[in-house]
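**Student:** mind folding the following:
(one chain, ligands or ions: 1)
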Amino acid sequence: MKIKQNLTNQKWQFKQANEKIWLSATVPGCVHHDLRDHHIIEDPFYGKNELDMQWIDKKDWEYKTVFDVSNEMLSKEVVVLIFEGLDTYADIYLNDHKLIETNNMFRTWNIDVKPFLSIGENTLRIYFHSPINRDMKKPNELGYNLPAVNDHSEDGEVGENKLSVFARKAPYHYGWDWGPRFVTSGIWKDVYLQGWSVVNITDFHIQQSSISTEVAQLTAVLEIKSTVSKEITIEIKDTDSERAYETYKLEKGTNSISVPITIAHPKLWWTRELGEQNLYTFYANILDEDDILAEVSVQTGLRQIQLIRNKDKYGTTFQFELNGIPIFAKGANHIPNDSFQTDVTEERYRHEIATAAASNMNMLRVWGGGIYEYDLFYQLCDEYGILVWQDFMFACSMYPGDQSFLENVRQEAIDNVKRLRNYACIALWCGNNEMDAAWSEYDEDGGWGWKELYTREQREVIWKAYDDIFHHILPDVVEELDPTTDYWPSSPMQDLSQSKAQHATFDSLQQGDIHYWDVWHGLKPLEEYKKYVGRFMSEYGFQSFPEKKTVLSYAEENDLELESEVMLHHQKNGDGNRLIKNYMQMYYKDPKDFSSFLYLSQTLQADAIKSAIEAHRLNKPFCMGTLYWQLNDCWPVASWASMDYYGRWKALQYTVKDRYKDIALIIDKQGSECNFYIVSDILDNVSAELTIKLFDRNGNLLYENKELVLAGANTSTLVKSEKVDKIIQYKKQEQPIVLRGIIEANKKLIDAVDIFFEPIKDLTLEKPNITYELIEEDGVTCAYLKSEKLAKDVWLETDKEGYFSENKFNLIPGEKKKIHFFERSSNVNSPPFISGDIAIIKITSMYDYVI
Ligand code: BMA
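**Tutor:** The predicted model follows:
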């Protein structure tokens with residue numbers, strides 16, 4: 001049987017290569033992390049510290065550890081040293097013998113080390129070359145810079161040299177329009193020794209050939225290494241069914257073996273809204289008579305997931321089907337949770353994925369400028385029923401195409417497809433982010449103006465590299481190693497054979513996936529979200545600032561103005577603050593002060609994304625997915641995120657939770673008409689009572705109408721249209737009036753939505769006087785809130801970490817709203833959120849923030 005000796009989490013040391021003194025180090029970790037622990041650098045996220053830390057990536061660094069090797073380990077026929085991740089250009093020495101040089105952060109390195117080990121003390125030393133120095137000559141050698149629009153080379157003091165494209169290293173390390181530039185080096189994943197004799201199972205894949213509720217036809221594909229040629233029996237079993245046996249003659253070397261498995265009446269894996277997240281554990285044992293020579297296990301969920309692109313009356317569908325059921329994808333784009341990935345604890349991952357589930361999501365896109373995520377991320381998505389759209393790690397750049405680069409990419413794809421293909425959540429492999437659209441090879445006038453910068457010959461070379469990677473290498477790896485999962489070359493793309501400009505145009509809405517950025521980068525009004533609805537909206541976004549407590553983690557009280565150096569430093573989208581200000585002027589009255597600006601930036605972001613989500617959902621099934629940009633942050637910053645670096649929910653996170661409800665009422669005002677839609681993501685028809693009430697600011701009921709409505713399963717149904725002038729018969733000076741639409745089924749509230757008839761900017765709000773009572777129910781204290789006057793966008797604050805059952809809601813005089821609190825749990829053995837006592841420290845609303 002194989003044995004493992006972990007070399008992480010033991011005594012490690014590090015030093016700058018040309019210095020003498022070794023200091024203690026943490027592995028897994030990175031140089032920045034260790035320098036910070038030794039107070040050689042300060043908090044990288046504070047103030048403008050980022051700029052003082054750019055020297056680190058221009059130095060070489062060394063790490064070493066001394067470890068004992070046992071007799072038992074050395075008695076094994078094969079001993080391998082395995083690095084699950086090295087960031088990035090590393091020379092590995094074992095007892096001063098150089099083993100290999102590495103050049104890809106995303107690959108796993110397996111090295112046969114038995115000849116270089118001795119019983120007792122051994123020294124492992126890793127020499128990290130500066131990723132900047134290593135690649136510095138490459139633009140010159142190439143004769144030009146490759147496009148890399150988010151590479152902040154100037155912050156990194158390397159002028160125009162866009163080096164990110166040369167290193168197979170997380171693109172966001174070099175800066176992004178929400179992220180700082182910290183080009184790290186280090187051992188960022190586990191490292192261990194593995195010893196085995198005779199046979200070893202090095203890979204175990206459960207390929208899901210055909211899945212239905214009656215039967216699952218599977219193939220267990222094993223990669224087995226053997227030191228002998230010999231007959232063995234393979235036993236495959238799962239959590240609760242029959243065993244399958246297969247006798248096989250192993251050859252010396254690497255063997256690939258397929259064993260068919262059938263499971264009758266399998267318990268299928270479903271997304272959160274559709275059913276249970278049933279998971280199976282499969283075990284593979286290699287038997288030699290009665291002895292177990294090797295064993296391995298893997299967990300997966302049985303499901304069929306497909307991207308369906310069929311011609312229909314509008315164009316071509318772009319929808320995921322799970323076990324034959326069309327899914328409307330509700331979710332967000334995920335970026336790495338930290339500039340220093342090894343700081344992301346298990347608890348932070350759980351918090352993120354539990355937040356996605358609590359926000360009624362069923363899909364996350366692991367975007368291509370970050371990392372192939374840790375296994376834990378996908379395990380949690382499997383557990384919570386959240387699909388993953390998985391990009392390969394290429395974004396907003398063009399890459400070199402020499403043979404060694406291409407081969408490196410191919411190996412990277414093999415490692416990661418193999419590592420991730422057993423997760424039930426993996427719904428799609430996507431080649432890259434926005435490269436096809438930015439380059440736009442087949443549309444001379446399209447794209448971001450990149451190809452125009454190159455000569456005809458250079459253009460050909462650059463496009464050939466693109467074509468090789470995204471139309472050959474990556475799809476071939478997916479086809480070979482994960483043939484039941486679809487591949488899509490780039491996001492966004494209209495079709496497999498052509499590309500148009502990134503920004504949606506009316507003629508591109510009928511097919512493919514869309515990144516719609518004219519609202520925000522193009523300063524188009526929010527109403528445009530309604531016009532540009534495509535088949536699958538894989539990106540669109542709107543920025544806001546984090547809450548004050550988070551701002552104060554990087555700024556001092558006297559930095560608290562929009563144009564201060566520190567605030568500008570924590571806004572990486574050059575135009576960001578101007579855009580927030582412009583939009584705020586368009587839609588809101590002026591903020592009273594800086595704190596008000598922070599609050600209003602959040603409500604504005606929530607209002608913007610709400611209108612996009614509603615437009616996308618009510619167009620179901622024309623549109624079958626909405627993934628806003630972006631769920632999380634990698635440091636404290638102004639960004640498009642719905643939850644900040646500390647995992648604190650912005651107003652948008654609450655709005656998403658509300659607008660992603662599996663059954664939602666959407667009121668769409670079109671001119672003088674109000675259209676009431678019920679959008680359902682569940683598989684039963686919904687018969688509900690729709691109530692429409694109109695209130696004045698004192699809570700007087702001006703109008704009420706109730707009727708029974710029927711909404712279709714898994715679609716959007718227009719259940720009622722009403723002329724607005726018919727229902728609003730009030731005098732102008734009595735505004736604001738609010739229309740509340742409510743849907744109930746079996747006397748249970750399903751959804752309630754408010755709309756106002758005046759633009760928010762024109763609303764005359766009065767001091768609301770919000771009060772609350774604390775009441776203990778089911779062992780926890782919750783709050784009942786009420787207000788004397790109409791209160792818009794009520795915002796509750798607490799000093800605990802966690803989330804309220806609702807926030808950013810309106811209070812109509814006369815209503816009592818019950819709010820409870822879910823506390824973030826620091827204990828990974830308990831659920832990520834626990835129902836806890838509410839402790840409100842502040843209640844405000846729009847009235848408090850505007851002039
Ligand atoms: C999209 C993303 C990111 C970027 C975001 C905001 O294009 O793919 O590259 O951070 O927009 O500009």
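
**Student:** show me what contacts the residue of the stretch 251-400 of the chain found nearest the ligand?
**Tutor:** Residue nearest to the ligand within the stretch 251-400 of the chain: C396 (5.1 Å; C-beta to the nearest ligand atom). Glycine gets a C-beta too; all of them are placed from N, C-alpha and C. C396 makes contact with A148, V149, N150, P171, G369, N433, E434, M435, A438, according to C-beta atoms under 8 Å, 6 or more residues apart in numbering.

**Student:** out of the residues you listed, which are buried?
**Tutor:** Buried by 16 or more other C-beta atoms under 10 Å: A148, N150, P171, G369, N433, E434, M435, A438, out of those.

**Student:** identify the farthest-apart pair in these.
**Tutor:** P171 and A438 (13.6 Å; C-beta to C-beta).

**Student:** tell me which of the buried ones among the contacts of C396 fall in helices.
**Tutor:** M435, A438 (DSSP state H).

**Student:** among the buried ones among the contacts of C396, which are within reach of the ligand?
**Tutor:** The residues of these that also fall near the ligand, by C-beta under 6 Å from any ligand atom, are G369, N433, E434.

**Student:** now pLDDT too, for the buried ones among the contacts of C396, in a markdown table please.
**Tutor:** Output for these, formatted as a markdown table (pLDDT from 0 to 100):
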| residue | pLDDT |
| --- | --- |
| A148 | 98 |
| N150 | 97 |
| P171 | 98 |
| G369 | 98 |
| N433 | 98 |
| E434 | 95 |
| M435 | 95 |
| A438 | 93 |
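
**Student:** dump the buried ones among the contacts of C396 into TSV; add distance to L618 as well.
**Tutor:** TSV is the format used below for the buried ones among the contacts of C396 (distance: C-beta to C-beta, whole Å):
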residue	distance to L618
A148	38
N150	33
P171	35
G369	31
N433	27
E434	27
M435	32
A438	31
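
**Student:** out of the contacts of C396, the closest to V533 would be?
**Tutor:** E434 (19.6 Å).

**Student:** now that closest one, nearest residue through space, not along the chain?
**Tutor:** Of all residues not flanking E434 in the chain, C396 sits nearest, at 5.3 Å (C-beta to C-beta, 6 or more residues apart in numbering).

**Student:** who's in contact with the closest residue to I187 other than its chain neighbours?
**Tutor:** Nearest in space to I187, with sequence neighbours left out and distances taken as C-beta to C-beta, 6+ apart, is V27 at 4.8 Å. Each residue near V27 by C-beta under 8 Å, 6+ apart is listed here: L7, T8, N9, Q10, W12, Y63, T65, G186, I187, V191.

**Student:** give the residue spans of the protein that score low on pLDDT.
**Tutor:** Applying pLDDT under 70 to the chain flags residues 497-503, 726, 729-734.

**Student:** around the ligand, pick out the residues from it.
**Tutor:** Counting by C-beta under 6 Å from any ligand atom, the chain sits next to the ligand at W176, D177, W178, G369, A395, C396, N433, E434, H515, E539, G541, W629.

**Student:** out of these, which one sits closest to R421?
**Tutor:** N433 (21.0 Å).

**Student:** give the bridge partners for that closest one, please.
**Tutor:** Per DSSP bridges, the residues bridged to N433 are A395, S491.

**Student:** where exactly do the helices run in the stretch 751-851 of the chain?
**Tutor:** Assigned by DSSP state H, counting those that start in this stretch, the helices in the stretch 751-851 of the chain fall at 846-849.

**Student:** and the strands in it?
**Tutor:** 770-777, 780-787, 791-797, 802-804, 809-811, 817-819, 821-824, 833-836, 842-844 (DSSP state E, counting those that start in this stretch).

**Student:** compare these and give me the one nearest N333.
**Tutor:** strand 802-804 (20.5 Å).

**Student:** quick check, central residue of this structure?
**Tutor:** For the chain, the residue sitting closest to the mean C-alpha position, by C-alpha atoms, centre = their mean, is H334 at 1.8 Å.

**Student:** wait, it touches M363, no?
**Tutor:** No: with contacts counted by C-beta atoms under 8 Å, H334 stays clear of M363, the gap being 10.1 Å.

**Student:** burial count for L774?
**Tutor:** 12 (other C-beta atoms under 10 Å).

**Student:** can you tell me which residues contact it?
**Tutor:** L774 neighbours (C-beta under 8 Å, 6+ apart): T781, C782, A783, I838.

**Student:** out of those residues, which is most surrounded?
**Tutor:** I838 (24 neighbours).

**Student:** now do the contacts for it.
**Tutor:** L774, V780, T781, C782, A783, T798, F804, I819, H820, F821.

**Student:** out of the residues you listed, which comes closest to the ligand?
**Tutor:** Checking these one by one against the ligand (C-beta to the nearest ligand atom), the nearest turns out to be F804, at 28.3 Å.

**Student:** residue contacts, that closest one?
**Tutor:** Y654, L796, T798, I819, H820, F821, F822, I838.

**Student:** excluding chain neighbours, what is closest to E563?
**Tutor:** N577 (7.5 Å).

**Student:** quick one on the thing from earlier: which of the contacts of C396 sit farthest apart?
**Tutor:** Most distant of these, by C-beta to C-beta, are P171 and A438, 13.6 Å apart.

**Student:** out of the contacts of C396, flag the one nearest to L218.
**Tutor:** The closest of the contacts of C396, once distances to L218 are taken by C-beta to C-beta, is N433, at 32.5 Å.

**Student:** surely the closest one and P489 touch.
**Tutor:** No: applying C-beta under 8 Å, one finds N433 not in contact with P489, separated by 11.2 Å.

**Student:** any idea how far Q511 is from D495?
**Tutor:** 6 Å (C-beta to C-beta, to the nearest Å).

**Student:** neighbour count winner among those two?
**Tutor:** Q511 (21 against 13).

**Student:** so for stretch 130-138, first residue to last residue, what's the gap.
**Tutor:** 14 Å (C-alpha to C-alpha, to the nearest Å).

**Student:** do the same with stretch 169-180
**Tutor:** Note: stretch 169-180 ends 15 Å apart using C-alpha to C-alpha.

**Student:** quick one: the longest helix seen in the chain to strand 791-797, angle?
**Tutor:** When the chain is parsed with DSSP H, its longest helix is helix 594-618. Angle, helix 594-618 to strand 791-797, by axes from the mean of the first three to the mean of the last three C-alpha atoms, to 10 degrees: 110 degrees.

**Student:** what's next to the helix or strand that comes right after helix 594-618, contact-wise?
**Tutor:** Using DSSP states H and E, the helix or strand that follows helix 594-618 in sequence is strand 625-628. For strand 625-628, contacts defined as C-beta under 8 Å, 6+ apart pick out 318-320, 328-333, 363-365, 389, 513, 535-541, 609, 612-613, 616-617, 640, 642, 656.

**Student:** which of the residues you listed fall in helices?
**Tutor:** Using DSSP H, the contacts of strand 625-628 in helices are I609, A612, I613, H616, R617, V656.

**Student:** please tell me I have it right and S639 contacts F542.
**Tutor:** No: between S639 and F542 there is no contact under C-beta under 8 Å: 10.3 Å.

**Student:** quick one: distance of the strand or helix carrying E101 to the chain centre.
**Tutor:** Using DSSP H and E, E101 sits within strand 97-103. Relative to its chain's centre, strand 97-103 lies at 33 Å (C-alpha atoms, centre = their mean, to the nearest Å).

**Student:** now that strand: buried residues?
**Tutor:** Within strand 97-103, the residues that count as buried by 16+ other C-beta under 10 Å are L99, T102, N103.

**Student:** pull the residues that contact whichever helix or strand comes after that strand.
**Tutor:** Per DSSP H and E, strand 97-103 leads on to strand 109-112 as the next helix or strand towards the C-terminus. Contact with strand 109-112 is made by V78, V79, V80, L81, I82, F83, L86, I92, L99, I100, T102, as judged by C-beta under 8 Å, 6+ apart.
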